[in-house]
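*Asks:* Give me the fold of what follows.
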Amino acid sequence: MFKRFVFGLGTGRCGTLSLAHLLSRQKETYVTHELSGKDLSWTVDADLFKKYYNTIEGFEHSVVGDVSFVLLPYVPLIMQKCPTTKFVVLRRDREETIQSYVEKTAHKGTDIWHTSSTANSWAKCYPSFEGTTKEENIGLYYDKYYADVESYMKRFPESFFLLDTYGLNDESKLMEMLTFCGYSNPSPIKMHRNKGPA
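*Replies:* Numbers count the residues shown, from 1 in each chain. As a prediction, this is how the structure comes out:
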């Protein structure tokens with residue numbers, strides 16, 4: 001069976017779970033959220049990626065994919081596997097993203113974005129930096145993430161759709177995104193429950 005592939009990207013804390021739910025509500029579609037868990041690392045591991053990709057390819061739907069922040073470095077490998085793959089990139093406000101990550105990781109008491117971080121099992125899933133505070137390192141992560149996105153968009157211009165997080169509550173934006181993903185009769189659903197900008 002011919003399959004179409006749709007992957008979602010974004011730093012995390014930007015609506016990726018909502019995007020996965022939205023895509024999976026489309027006809028003949030199965031899109032997971034962070035399927036790889038902590039298996040894939042930011043440093044590309046071709047063997048782990050092959051196992052991950054084979055799992056997705058084995059889904060019994062005509063449109064399959066995953067939404068995960070850690071997929072960004074694997075874009076070239078994904079495009080090698082299927083050059084018609086579509087990527088939806090969510091982008092939330094920089095300061096909102098930083099604050100959301102700070103709140104989410106407060107109980108862990110560690111800066112998983114710092115080069116010295118080895119105790120947390122999620123640390124390998126992110127790039128590392130040498131900022132003096134967690135906020136600074138998350139900001140550096142954010143900047144790198146979207147700089148890399150911009151680079152890939154130039155390299156694969158027909159494959160990327162950039163969507164502001166709050167566009168998940170905009171029916172016209174959702175229709176545009178779903179049409180880009182190849183749906184001829186999409187079913188837009190406003191999924192994102194976070195408040196928009198004041």
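
*Asks:* For the chain, give me the ranges with low pLDDT.
*Replies:* In the prediction, the chain carries residues with pLDDT under 70 at positions 1, 109, 188, 190-198.

*Asks:* Just give the nearest non-adjacent residue to the residue nearest the centre of it, would you?
*Replies:* Closest residue to the average C-alpha location of the chain: Leu9 at 2.1 Å, with CA atoms, centre = their mean. Once flanking residues are discounted, Leu9 sits nearest to Val89: 4.6 Å by CB to CB, 6 or more residues apart in numbering. Yep, even glycine has a C-beta here, placed from its N, CA and C like the rest.

*Asks:* Assess the claim that that neighbour and Val149 are in contact.
*Replies:* Yes - the pair Val89 and Val149 qualifies as a contact (CB atoms under 8 Å) at a distance of 5.4 Å.

*Asks:* for this protein, which helix is longest?
*Replies:* Looking across the chain with DSSP state H, the single longest helix is helix 134-155.

*Asks:* what helices or strands is that one leaning on?
*Replies:* Secondary-structure packing of helix 134-155 (3 or more CB pairs under 8 Å, 6 or more residues apart in numbering; DSSP states H and E): strand 86-91, helix 94-104, strand 160-164.

*Asks:* Please name the strands paired to the shortest one in the sheet, noting orientation.
*Replies:* Each strand that pairs with strand 160-164, with its direction, by DSSP bridges: strand 86-91 (parallel).

*Asks:* returning to that earlier point: find the residues that touch each one of Val89 and Val149.
*Replies:* Leu9, Phe160, Leu162 (CB atoms under 8 Å, 6 or more residues apart in numbering).

*Asks:* right, and the first one touches Tyr146 too?
*Replies:* It stands for Leu9. No - taking CB under 8 Å as the contact criterion, Leu9 and Tyr146 are not neighbours in contact, 10.0 Å apart.

*Asks:* Now do the strands in this structure.
*Replies:* Counting by DSSP state E, the segments of the chain that form strands are 4-9, 29-33, 63-67, 86-91, 160-164.

*Asks:* Out of these, the one nearest Gln99 is which?
*Replies:* Counting by CB to CB, Gln99 lies closest to strand 86-91 out of those; the figure is 15.5 Å.

*Asks:* Please enumerate residues in contact with that closest one?
*Replies:* When contacts are taken as CB under 8 Å, 6+ apart, the neighbours of strand 86-91 outside the stretch itself are 4-10, 14-16, 19, 23, 67, 75, 146, 149, 152, 156, 159-165, 168, 177, 180-182.

*Asks:* just how off-centre is stretch 160-178 within its chain?
*Replies:* When C-alpha coordinates are averaged (CA atoms, centre = their mean, to the nearest Å), stretch 160-178 and its chain have centres 14 Å apart.

*Asks:* Compute the first-to-last residue distance for that stretch.
*Replies:* The distance separating the two terminal residues of stretch 160-178, taken as CA to CA, to the nearest Å, comes to 12 Å.
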